[in-house]
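Trainee: model the structure of this input:
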Amino acid sequence: MVTVPIVMDIEASGFGAGSYPIEVGFSRRHGEGWCTLIRPEQDWLHWDESAAQIHKIPRETLVERGRSAVSVAENLNQILAGHTVYTDGWAHDYVWLSRLFDAAELNPHFRLADFREIISLKQEEIWHQTKSQVEIDLNVSRHRASNDARILQLTWLRTFDACKLLH
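Mentor: Numbering: from 1, shown residues only. The predicted structure follows:
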């Protein structure tokens, strides 16, 4: 029996030095989504308008409705403790997650891993086509972290199943 991976996605203020997480979301093993906005810390000032065009989350919304780094980090630890959580943008997401946990003065109680650890070469061959179909099937209109995580998770499941059928 296959274990469905927990998949996380992080939206950020931009890329590069000074960028920080603004939203974190994940899809659990049975597809239950979890997502929250993150209120910027006092020294989190970087804001990239081109990134904002993608995630469409105004900084003012983060300030007004986002949760503190401590609250988000504690919640993530509570829900994900002991699990391996996969991401398709590990290099960026690892940095942003570290920034969140550093601000909260906590350590993650889960492991963030690169999706490539669990994607076979056969899955890679059909990944983009399958992902496009998943996006159509889900008909998700908003670019949000939990939606992106669910799309990745379903893409993994469909490519895994398709490759299993080929053997």
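
Trainee: what about the strands in the chain?
Mentor: Under the criterion DSSP state E, strands of the chain are mapped to 6-12, 21-27, 33-37, 84-87, 111-114.

Trainee: direction included, what does the first one pair against?
Mentor: What it means is strand 6-12. Sheet pairing for strand 6-12, assigned by DSSP bridges, gives strand 21-27 (antiparallel), strand 84-87 (parallel).

Trainee: out of those strands, nearest to R59?
Mentor: Comparing those against R59 with CB to CB, the closest turns out to be strand 21-27 (8.0 Å). In this view, the C-beta of every residue, glycine as well, is placed from N, C-alpha and C.

Trainee: restricting to C-alpha, output that closest one in CSV.
Mentor: Only the C-alpha atoms of strand 21-27 are listed here, as CSV (Å, rounded to 0.1, in the frame of the first residue of the first chain):
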residue,chain,number,x,y,z
PRO,A,21,7.1,33.7,3.7
ILE,A,22,3.6,35.3,3.4
GLU,A,23,1.5,32.2,3.2
VAL,A,24,2.0,28.5,4.0
GLY,A,25,-0.3,25.7,3.1
PHE,A,26,-0.2,21.9,2.8
SER,A,27,-2.3,19.0,1.8
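
Trainee: report the angle between that strand and strand 33-37.
Mentor: 170 degrees (axes from the mean of the first three to the mean of the last three CA atoms, to 10 degrees).

Trainee: and the contacts of strand 21-27?
Mentor: 6-13, 33-38, 40, 55, 57, 62, 66, 72, 76, 80, 85, 96-97, 99-100, 144-150, 152-153 (CB atoms under 8 Å, 6 or more residues apart in numbering).
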